[in-house]
Each structure stands twice: as structure tokens, then as C-alpha cells.
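1. What follows is a predicted structure for the sequence shown.
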Amino acid sequence: MWITSTPERALTPTAIALGNFDGVHLGHQSVIQPALQQAVRSTVVTFDPHPREYFRGESCLLLTPREEKIRHLKRLGIQQLVLLPFNQQLASLSPEAFVKDILIQQLKPHFITVGENFRFGYQRQGTAEDLSAIASPFGITVKIVGLQTDHQQRISSSRIRQALSEGNINLANQLLGRSYSLTGSVVTGQQRGRTIGFPTANLDCPRNKLIPRYGVYAVLVSSPINSLVNPHPAVMNIGMRPTVNGEFPTIEIHLLDWTGDLYNYPLTVELKQFLRPEQKFSSLEELKAQIADDCQQARQCLNDPSLVTSDPYL
């Protein structure tokens, strides 16, 4: 997949899917699919950083930070990704100038697909219908994709974020069309887990990755480690480790029935089931007993064929 932050360097002509696409969820995929069906180069055009970051002046937590978004788009078959730098110049363009000067002049599209709620241009004045009206005289077809729903509720990034904040992994995965995942490198922790018989890998994720509700999860782990059968069942704890007076949040993963060196290896963790909230125990022995119960519960969850299937986009 050709990736550029400079529209002038884009490979043309194009069939464009236009949007923010944080999450690349089922609703986004319905917008992207029509571009894949065209005879010219399928191209996702999105904004970097996310417009929310520009307007709020602070970084925002994302379902799919840049590298993860790239991975999912590649798996879908997108041939090109254009990351438009979202800055004062872009934010001040009128809807007509954005379409004519950026999309048409630089990307030379034959076809554009957008969601019906897409807004663009200065103060978000442009609508999907405006995009179609501006592009039509240039012979460009614009497909406006209706909002996708699940149980009569809109599939959206905000709804997925809410589900993750509540630990509702089943709903989040259903709306994504795959398992929500965390990807990072294994870093050295305090190594307390091995002292109670449950060694853990500490995962260092991108700082702008949205982390779900604190608690314990049944997960599947994938990594290029030769001795690890992918995906491998595991238990993950996200939180402050109150029993040992943790001072900062950590993501700790205990791989079931496996021993080996994980340090500095990349891991991708697919969240399959929320097991319980984080809690403080009166002793390490009580914590140890609960972890053993967590492992047993995770084994039972991950034996469910509907949960154990690994994400095809990882």
C-alpha cells in the first residue's frame, strides 16, 4: 500500500473513500468497500492528526492509531492511503476549495465514497450532498453510503468507545467486525507475577491508544516468537494493581500454559471477554487464588468457538 502525507505524491487516478475512519469498524468498511470495487486505484483519504486534536489542542485517544489503521486498511485491500495534514490551512478551506483544490486537482478521482454524515470544509459547512454537487460537473461519481446500524442503533466510533469504557467487549467486537486489540512491545515490569506463580508480560502500547476499562480479560495473544503457537490463550489485567499499591496503570498478560522470554517482542492482544473489574485483595495469597480462578474462567471462555476465532485482519 502506497502511503503519503503529500497529496501531490499520490498515485492517480483514484477511487477515494473519504473520512476519519477511527476504528475501521463495520460502518467505515461499508464506506470503504465501494472504492475497492472500482477499476482505478482504491485510496483512503483521511486526516492526520484527527481533526479533534487540532481543534481541542490536545491529543485524543484513538481506537486505531496510525500504524494500526494502516494495518487494517492493508488487510481490507486498500492500495493507497493519503494522510492529509490537518492544520490551519486545511481547516480554513471552504468546502468548494477542499473538493476542487485537494481532491480533484491533486488526487484526480474517478469516484468518491463517503458516509451520509460526513462533514468537511471551514466550520464543517460542507455535507455529503455538497460534495456530490461540487464533484458532479467534473464527471466524478459520488456515492453516499447510509449509516449502518446494529439493533437499530448506529454503528459509530463513539459507541465503540463507550462499550470499551464499560468493559462491554462483546458489543465493541460486534460493532468493529473483529476483536478490539492492543499492540505493543513487551517491557520490563516489577516482575511480581513470577513470585506468585503467574509470570506476566508488561505491554507498552502507543500513548494515543484507547485503553478499555480497568479489569481482567480473556484474550488471545499473537507474536512472532517461534515457540508460541498463534493465537495463544491468555489472561490480561489492565489497571493500577491496588493490592501491591501500584503507582501507575499497567497492562499485564499471563500466557496460559506457556513459559518463555517475551521481552522486546511485539505482541498483539485480541480482547475476547471481560471477566471482572479490578479489585484490591487483602493479601497476595488471596490475589493468587483469584488469578487461578481468572485463568480457569479464561480457559472456559476461550474454548467457546465463537470467541476463539482469531481476527482475520491481524
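-> Done, it's in.

2. which residues in the stretch 151-300 of the chain form strands?
-> 153-154, 181-187, 201-204, 215-222, 232-239, 250-255, 266-277 (DSSP state E, counting those that start in this stretch).

3. what's the first one in contact with?
-> Translated: strand 153-154. G27, L147, Q148, R159 (C-beta atoms under 8 Å, 6 or more residues apart in numbering). Quick note: C-beta positions are derived from backbone N, CA and C, even for glycine.

4. Would you show me how to pick out the buried ones of those residues in PyMOL?
-> A single PyMOL command is used to select the members of the contacts of strand 153-154 judged buried by 16 or more other C-beta atoms under 10 Å:
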select buried, resi 27+148+159
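
5. domains of this structure?
-> As assigned by automatic domain parsing, the chain contains the domains 2-154, 179-307.

6. before we move on, back to that, ok, so of the contacts of strand 153-154, who is nearest A218?
-> If you rank those by distance to A218 using C-beta to C-beta, R159 comes first, at 22.5 Å.

7. Could you check how far the nearest residue to the closest one once chain neighbours are set aside is from C205?
-> Leaving aside its sequence neighbours, R159 sits nearest to L175 (C-beta to C-beta, 6 or more residues apart in numbering; 6.3 Å). The gap separating L175 from C205 is 21 Å, by C-beta to C-beta, to the nearest Å.

8. who has more neighbours, the two?
-> The neighbour comparison of L175 against C205 (other C-beta atoms under 10 Å) goes to L175, with 24 against 17.

9. In contact with the more buried one: list those residues for me.
-> L175 makes contact with H25, L26, G27, D150, I155, S156, R159, I160, A163 under the criterion C-beta under 8 Å, 6+ apart.

10. Please pick the buried ones from those residues.
-> Here, 16+ other C-beta under 10 Å leaves H25, L26, G27, I155, S156, R159, I160, A163 buried among those.

11. so where is the stretch 201-314 of the chain shaky, pLDDT-wise?
-> Across the stretch 201-314 of the chain, the ranges flagged by pLDDT under 70 are 306-314.

12. try 50
-> For the stretch 201-314 of the chain, the stretches flagged by pLDDT under 50 are 312-314.

13. What sits closest to R52 if chain neighbours are left out?
-> That would be C60: by C-beta to C-beta, 6+ apart, it lies 4.9 Å from R52.

14. and which of the contacts of strand 153-154 is nearest W258?
-> Nearest to W258 out of those is R159 (C-beta to C-beta; 35.0 Å).

15. Distance-wise, check the closest one relative to T113.
-> 22 Å.

16. With S282 instead?
-> For S282 relative to T113 (C-beta to C-beta), the value is 57 Å.

17. Mind checking which of these two has more residues around it?
-> Neighbour count, other C-beta under 10 Å: between S282 and T113, T113 has more, with 27 against 8.

18. and the buried ones among the contacts of L175 as TSV, adding pLDDT and distance to N303?
-> Shown next, in TSV, are the buried ones among the contacts of L175 (pLDDT from 0 to 100; distance: C-beta to C-beta, whole Å):
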residue	pLDDT	distance to N303
H25	98	27
L26	97	26
G27	97	31
I155	97	29
S156	96	32
R159	97	29
I160	98	26
A163	98	24
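
19. Could you pick out which of those are located in helices?
-> Among the buried ones among the contacts of L175, DSSP state H puts L26, G27, R159, I160, A163 in helices.

20. what sits against the fourth one?
-> By that I understand I160. Contacts of I160 by C-beta under 8 Å, 6+ apart are G23, H25, L63, A172, L175, L176, Y180.

21. Contacts only, for F111.
-> Residues near F111 by C-beta under 8 Å, 6+ apart: A15, I16, P34, A35, Q38, V40, I140, T141, V142, K143.

22. Just give me the closest of those to L267.
-> When the contacts of F111 are compared against L267 (criterion: C-beta to C-beta), the nearest one is A35, at 31.7 Å.

23. my read is that closest one is in a strand, agree?
-> No: according to DSSP: H, G, I helix; E, B strand; the rest coil, A35 belongs to no strand; its state is helix.

24. State the distance from it to V24.
-> For A35, the distance to V24 (C-beta to C-beta) stands at 13 Å.

25. before we move on, what about P206?
-> Distance, P206 to V24, by C-beta to C-beta: 16 Å.

26. Comparing these two, which shows the higher neighbour count?
-> V24 (26 against 14).

27. Name the nearest residue to that one, sequence neighbours excluded.
-> Nearest one to V24, counting by C-beta to C-beta, 6+ apart, is H72 at 4.2 Å.

28. Show me which of the contacts of L175 is closest to V187.
-> For the contacts of L175, the minimum distance to V187 (C-beta to C-beta) is 27.0 Å, reached by I160.
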